[in-house]
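>>> Sharing a model prediction with you, sequence too.
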Amino acid sequence: MLKNIRFEIPQDAAYILKHLEQNGFEAYIVGGCVRDSVIGRVPQDWDIASSAQPHEIKELFPKTIDTGIKHGTVTVLLNSQPFEITTYRIEGRYINHRKPETVEFTNSLEEDLGRRDFTINAMAYNPAKGLADPYKGLHDIEAKQIKAVGNAMQRFEEDALRMLRAVRFSAQLGYRIEEATLQAISRHSPLITNISGERIRDELSKALLANPMSFEILYSTGILKEILPELALCFETMQRHPYHIYNVGMHSLHAANQTTANLILRWTMLLHDIGKPVVKTTDEKGIDHFYMHQKVSAQKAEKILQRLRFDNTSTAQIKKLILEHDRQIGDNEKSVRKAIAAIGLDLFQTWMQVRIADIKAQNPDKALERMTHLDKVKAIYHRVIAEKQCLSLKQLAVTGNELMEIGIPQGKKLGEVLQHLLDAVLEQPQLNERDVLLQMARKMI
């Protein structure tokens, strides 16, 4: 049984509750802040539900924002901190399996809690009245399970995003999804196509940061086939090869799980082999090969990230890391310099983490030799950086302007000369002297 539950409500939130009650209204903290307090996590937001209607809330507090008046939500600003107060409500018919068309205000806290997604989020607390838990959220926290409030089928028909939220909460809390709730997700998985790319991206990212292995649930329930069919196909693509022990999908999850909780790294590992099903071949010995999968994976990943409305910078970084994830680098300075130049100085350390994660998610019997090699590459990298060897156009001892002054025209020709000089310096660092480079450039005029 849960013991010593502590509700350390911020002073401003406690003031709002008390002020509403002193004026004849009920008021409770609700939802995630109650759940987190029960399980011993520090709440990030303190949401309040009240019998007071929006116009009454606005009359009681001097600084408010009409966050969602139509749906009963007013944001109160107290000491520059925002607190959302939502009137007890019952929701009408949902539009496109996402939002209610209408809401009706009610004086019943239980009715308000009954419209919420999961029992662990359908609890409320008031310092004077204690914990309100009509849907047994406390029991489900003790059982470590995610369970829909009331009829799971109805909950997901109302709002299809709740299916992804179930998986995300499972990942973040380490809870299993209760069987009837899980079955309802499987039955209604096609409804997830009603949800915007941005919303899907946000839920997937949270689950990925919390526990990449939670994507197994997305696959088994059919959701993955609806939102990331390219990744779903990976779970059906075997890798009969001495270096692999998992199918492509499970390898990708294990690889993501080997990285730190960083979105660029985890999305890179999730999608790094996304092109393998397309390029797979099997030789006469029954060994599978995936030639050119890096390029195909990078192209497919870019389309997926654009579909999920990722920002351009993240998309470019993930695409670059996927394109280069299988690059073989010799354990010598020349090879390392060329690799840094190709991958980018800003991404090279991230690339090393990608390589380590990829290797750790493959056959462990084959890992030692490659990890030892990577250690050598890493040591050379640090030496090259410490010696400030030239690794990019910005580090060349001559500039584009200086090359134009000796007669090289601006445009394509200038770019070609600069790249030629950089290639030469990557081969022989001692060439990175202004006079030497200018002499080389004059020969190209």
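Done, it's in.
>>> State the pLDDT value of Pro190.
Looking at Pro190, its pLDDT reads 97.
>>> How about the one 10 residues further on?
In this prediction, Ile200 carries a pLDDT score of 98.
>>> and it, what does it touch?
With contacts defined as CB atoms under 8 Å, 6 or more residues apart in numbering, Ile200 is in contact with 164, 192, 227, 308. Any C-beta I mention is one placed from the backbone N, CA and C, and that applies to glycine too.
>>> The closest residue to the first one other than its chain neighbours is in what secondary structure piece?
Across the structure, with CB to CB, 6 or more residues apart in numbering as the measure, the residue nearest Leu164 apart from its sequence neighbours is Glu203 (3.9 Å). Applying DSSP states H and E as the criterion places Glu203 in helix 197-210.
>>> Please point out which parts of that helix sit buried.
Buried residues in helix 197-210, counted by 16 or more other CB atoms under 10 Å: 199-210.
>>> What is the nearest of these to Glu369?
Proximity of the buried residues of helix 197-210 to Glu369 (CB to CB) peaks at Leu208, which lies at 29.9 Å.
>>> mind giving me the domain ranges of the chain?
For the chain, the structural domains run 11-143, 152-227, 253-386, 393-442, going by automatic domain parsing.
>>> most packed of those domains?
Per residue and on average, the most neighbours among the domains of the chain fall to domain 152-227, with a mean of 20 (mean count of other CB atoms under 10 Å).
>>> Which secondary structure state is assigned to Met352?
Met352 carries the three-state label helix when classified by DSSP: H, G, I helix; E, B strand; the rest coil.
>>> roughly how far apart are Ile264 and Lys63?
When distances are taken as CB to CB, to the nearest Å, Ile264 and Lys63 turn out to be 39 Å apart.
>>> for the stretch 151-300 of the chain, which spans come out with low pLDDT?
Filtered on pLDDT under 70, the stretch 151-300 of the chain yields no residues whatsoever.
>>> got the residue ranges for the strands in it?
Counting by DSSP state E, counting those that start in this stretch, residue ranges of the strands within the stretch 151-300 of the chain are 176-177, 281-282, 288-289.
>>> Turn those strands into JSON lines, including distance to Ile48.
Compiled in JSON lines, the strands of the stretch 151-300 of the chain are given as follows (distance: least, CB to CB, whole Å):
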{"stretch": "strand 176-177", "distance to Ile48": "28"}
{"stretch": "strand 281-282", "distance to Ile48": "60"}
{"stretch": "strand 288-289", "distance to Ile48": "57"}
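>>> Of all the ones you listed, which one comes closest to His188?
Checking these against His188 by CB to CB gives strand 176-177 as the closest, at 13.4 Å.
>>> Give me the packing partners of that closest one, helices and strands only.
If contacts are counted by 3 or more CB pairs under 8 Å, 6 or more residues apart in numbering; DSSP states H and E, strand 176-177 sits against strand 145-146, helix 161-173.
>>> returning to what we had before: might you report the residue contacts of the residue nearest to Leu164?
Taking CB under 8 Å, 6+ apart, we find Glu203 in contact with 161, 164-165, 167-168.
>>> repeat that for 7 Å
164-165, 168 (CB atoms under 7 Å, 6 or more residues apart in numbering).
>>> same deal with Ala361?
251, 254-255, 258.
>>> tell me the phi and psi of it?
According to degrees, to the nearest 10, the main-chain angles of Ala361 amount to phi -90, psi 10.
>>> and what of the one 4 residues further on?
Dihedral angles of Asp365 (phi, psi; degrees, to the nearest 10) stand at phi -70, psi -20.
>>> What separation is there between it and Ala184?
Using CB to CB, Asp365 is found at 42 Å from Ala184.
>>> From Leu182, how far off is Phe156?
Counting by CB to CB, the gap between Phe156 and Leu182 amounts to 11 Å.
>>> er, Arg162 actually
13 Å.
>>> do the same with Ile65
Ile65 sits 38 Å away from Leu182, going by CB to CB.
>>> Leu345 too?
Between Leu345 and Leu182 the distance, using CB to CB, works out to 46 Å.
>>> Now do stretch 321-334: everything it contacts.
268, 271-272, 294-295, 297-298, 301, 335-336, 339, 342-343, 347, 350-351, 354, 358, 373, 376-377, 380, 384, 427.
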